[in-house]
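> coords please:
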Amino acid sequence: MIKSRASTVLEKQKTVFINRILNLPLSLVWKAWSDPESFKKWWGPKGFMCPTSLIDFKTGGENFSSMKSADGKEFWSIANYKEIIPFKKIFYEECFVNYKGHEVPPSFYNLPGEWSDVNVTVTFEDLEGKTEMTLHQTGIPIEMYSDCMEGWQSSLDKLEKNLSYPTTSSDN
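As a prediction, this is how the structure comes out:
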């Protein structure tokens, strides 16, 4: 039996799955994903910052953002929003691009493995002041699975830390 290229690639990929309770209200978590200035505060794993984030947050819109490491290496990507259900769900297709927004293969950034059809689905549930967030990312090569899991977890740590409840004078 001859295997198709698609089935061979799928055998070399894993799905990132994260379910997390964030100690933030749904409105702040939603804003973290939809507002460029809020997105910059958390996008990228520990040791990375997000110097650029241009978000057209609507179905058919894009998120054109970069992550920059402490040593100055920049990684650019575009997320194409396919479905947005306010305060419930975000679904997007993602690809690597250069700083001009032109699609590049992951090898451009020295990333190993066979990447294909990277899709991210994020769902949200209000838990009375907290937010349950579930994330699925498909198309991740086995070689990058651990890095992606660690990257997402540390990014979400930053989200929770950097987008805390606003303080008032009575909170001091």
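
> Could you look up the SS state of the nearest residue to Gly44 once chain neighbours are set aside?
Residue nearest to Gly44 in three dimensions, not counting chain neighbours: Met67, with 3.7 Å by CB to CB, 6 or more residues apart in numbering. The way it works is simple: take the backbone N, C-alpha and C, and place the C-beta from them, glycine included. Under DSSP: H, G, I helix; E, B strand; the rest coil, Met67 falls in the strand class.

> Where do the strands of the protein begin and end?
Listed in chain order, the strands of the chain (DSSP state E) span 13-22, 48-49, 53-55, 62-69, 74-85, 89-97, 118-126, 131-141.

> so which of these gets nearest Asn162?
strand 48-49 (10.9 Å; CB to CB).

> thinking again about what came up before, out of the strands of the chain, flag the one nearest Glu37.
Smallest distance to Glu37 across these (CB to CB): 7.8 Å, for strand 53-55.

> hang on, the earlier thing: adding distance to Phe108, write the strands of the chain out as JSON lines.
Formatted as JSON lines, these follow (distance: least, CB to CB, whole Å):
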{"stretch": "strand 13-22", "distance to Phe108": "19"}
{"stretch": "strand 48-49", "distance to Phe108": "17"}
{"stretch": "strand 53-55", "distance to Phe108": "20"}
{"stretch": "strand 62-69", "distance to Phe108": "13"}
{"stretch": "strand 74-85", "distance to Phe108": "9"}
{"stretch": "strand 89-97", "distance to Phe108": "6"}
{"stretch": "strand 118-126", "distance to Phe108": "14"}
{"stretch": "strand 131-141", "distance to Phe108": "15"}
